[in-house]
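Undergrad: no sequence for this one, just the structure:
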Ligand code: FE
Ligand code: ZN
């Protein structure tokens, strides 16, 4: 917590002692949130808050900011403290009862690794991001909302670290998630996403994370992981998930509130906000490719397919939201129809990529079992049997001959989303790589899609600086020129953290602990 936050918390505690009980909720709320703000006198407000104007957003009346929850800091600490007590009681019980042995199958832990490596550090990044946004917005209602969310996100990071500490005693790949987040190729996808948001202005940050991510797309990140955990017997994850989700309702409200507030303040804000919605829809959607793979391939017991989730949570619910926002002049995010067409391909393409490169990943991969392949055929009748089943069959045959396929080449990455160029032209030829490029100051830059190319073309100076893992390896910045050197720099333990699940110590341990050799 920063100095300002702790001052406010202290003031809140003092006031609670001396405030007469008669005060209504609204007065009490005003006293303990909005009345804590003031206009500066030694320095002009514009100098103290230089960042809430350079994006071009016009605010005429900060009082127009509505806080639907009317939560005061003292009530906030009380609620959160209660949640923490419940959460840790369950995590303790889970640990004492060796709860990890009750999950459906050892393979499931790899979905958790993806979450803890890729998402938990985002919680911490979100805490930093909201603290920064709160500092830079001059309206006190917005600042208080950002402050609470910054503290929420720090709590999410902490509760997840406590869950990691249990799983890390028994499974590989979880020993250094923060170190890995800053270095590993596939983790640069979530990292670059969040750092793009944090290095934007405060209004873009809040629109990107609160609206595009938390309001529009969160159901596609949290729901699959948490329902996946529940379906697969992982009560530790379900518990921190529910605890975080209860903060989420506040976050989602902030997301919708910020967009409505911006649109109501000045008509000139509309094109700026629409561009952010377009950009952050596309970046968020690309990030969710990891979730698509998790849902269709990594859960031993499936919840629903990625394609079904996209239909329910984006096409249907998101469609209704944008319909509602159309009265402000907002339209559906650009390229949403591309996402719709890609939904029958996404998870297969990403899992194949991880299968190709799992010698360089801190999670294990496998060929889906026959029953799982049949499930995929059923869920993806137009694409799986035709395009992806034969590919898995080919790799399976190689593995049976003891020639398990690992790709030794380094892939070209998209300059914006940083995902290897594995997406295809699903409209015209789904076996051809989707490839776009731009020239900027005499150099060429490559993109996976029109969505990513648009983002680059609007702000090339920002994206030419991207830390692309493959470029960095080629430039000698990642420990050396050979795979063992790069893995050492990632702090991976070769033969333990990486490779095929069937050959991993995780599987050997799982079979030993549960006394079963999982059916092949
Ligand atoms: Fe969070
Ligand atoms: Zn891209």
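TA: Everything's here; your move. The model shown is predicted, which means the values in this text are computed figures rather than measured ones. Ligands and ions are numbered 1, 2, ... in the order given.

Undergrad: which SS state does the closest residue to residue 48 other than its chain neighbours fall under?
TA: Sequence neighbours aside, residue 40 is the residue nearest to residue 48 in space, at 5.0 Å (criterion: CB to CB, 6 or more residues apart in numbering). Just so you know, the C-beta spots here come from the backbone N, C-alpha and C atoms, and that holds for glycine as well. On the three-state scheme (DSSP: H, G, I helix; E, B strand; the rest coil), residue 40 is labelled coil.

Undergrad: where's residue 40 relative to ligand 1, distance?
TA: Distance, residue 40 to ligand 1, using CB to the ion, to the nearest Å: 32 Å.

Undergrad: please name the residues that touch whichever residue of the stretch 151-300 of the chain sits closest to ligand 2.
TA: For the stretch 151-300 of the chain and ligand 2, the shortest gap (CB to the ion) falls at residue 286, measuring 5.5 Å. Residues counted as contacts of residue 286 (CB atoms under 8 Å, 6 or more residues apart in numbering) are 189, 193, 417, 419, 448, 449, 451, 452.

Undergrad: close enough to count as contact, the third one and residue 283?
TA: Yes: shown here, residue 417 and residue 283 form a contact pair, counting by CB atoms under 8 Å, at 6.5 Å.

Undergrad: re the thing from before, pick the one among the contacts of residue 286 closest to residue 165.
TA: Closest to residue 165 out of the contacts of residue 286 is residue 189 (25.0 Å), distances taken as CB to CB.

Undergrad: any idea which element the closest one lies in?
TA: helix 188-198 (DSSP states H and E).

Undergrad: got it, and residue 456?
TA: Here residue 456, judged by DSSP H and E, is contained in helix 450-458.

Undergrad: tilt between that helix and helix 188-198?
TA: Inter-element angle recorded for helix 450-458 and helix 188-198: 40 degrees (by axes from the mean of the first three to the mean of the last three CA atoms, to 10 degrees).

Undergrad: what about the closest residue to residue 162 other than its chain neighbours, distance to ligand 2?
TA: Among residues not flanking residue 162 along the chain, residue 91 sits closest, at 6.0 Å (CB to CB, 6+ apart). Distance, residue 91 to ligand 2, by CB to the ion: 37 Å.

Undergrad: so what's residue 91 up against?
TA: Counted by CB under 8 Å, 6+ apart, residue 91 has contacts 159, 162, 163, 166, 236, 239, 240.

Undergrad: so which of those reach ligand 1?
TA: Among the contacts of residue 91, proximity to ligand 1 is found for none (CB under 5 Å from the ion).

Undergrad: before we move on, back to that, what packs against the helix or strand just after the helix holding residue 189?
TA: Next helix or strand after helix 188-198 toward the C-terminus (DSSP H and E): helix 202-206. In terms of contacts (3 or more CB pairs under 8 Å, 6 or more residues apart in numbering; DSSP states H and E), helix 202-206 is packed against helix 120-136, helix 188-198, helix 235-265.

Undergrad: after helix 202-206 comes which helix or strand?
TA: Sequence-wise, the next helix or strand downstream of helix 202-206 (DSSP H and E) is helix 222-231.

Undergrad: list the buried residues of the helix or strand where residue 308 lies.
TA: Element membership for residue 308, per DSSP H and E: helix 306-309. For helix 306-309, burial by neighbour count (16 or more other CB atoms under 10 Å) applies to 306, 307, 309.

Undergrad: got these as CSV, with pLDDT and distance to residue 121 columns?
TA: Putting these into CSV (pLDDT from 0 to 100; distance: CB to CB, whole Å) gives the following:
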residue, pLDDT, distance to residue 121
306, 96, 23
307, 97, 28
309, 95, 24
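
Undergrad: those residues also near ligand 2: which ones?
TA: Checking these against ligand 2 (CB under 5 Å from the ion), there are no matches.

Undergrad: could you give the angle of the helix or strand hosting the residue of the stretch 151-300 of the chain closest to ligand 2 to helix 120-136?
TA: Per DSSP H and E, residue 286 falls inside helix 269-287. With the same axes, to 10 degrees defining the directions, helix 269-287 sits at 160 degrees from helix 120-136.

Undergrad: thanks a lot, see you next time.
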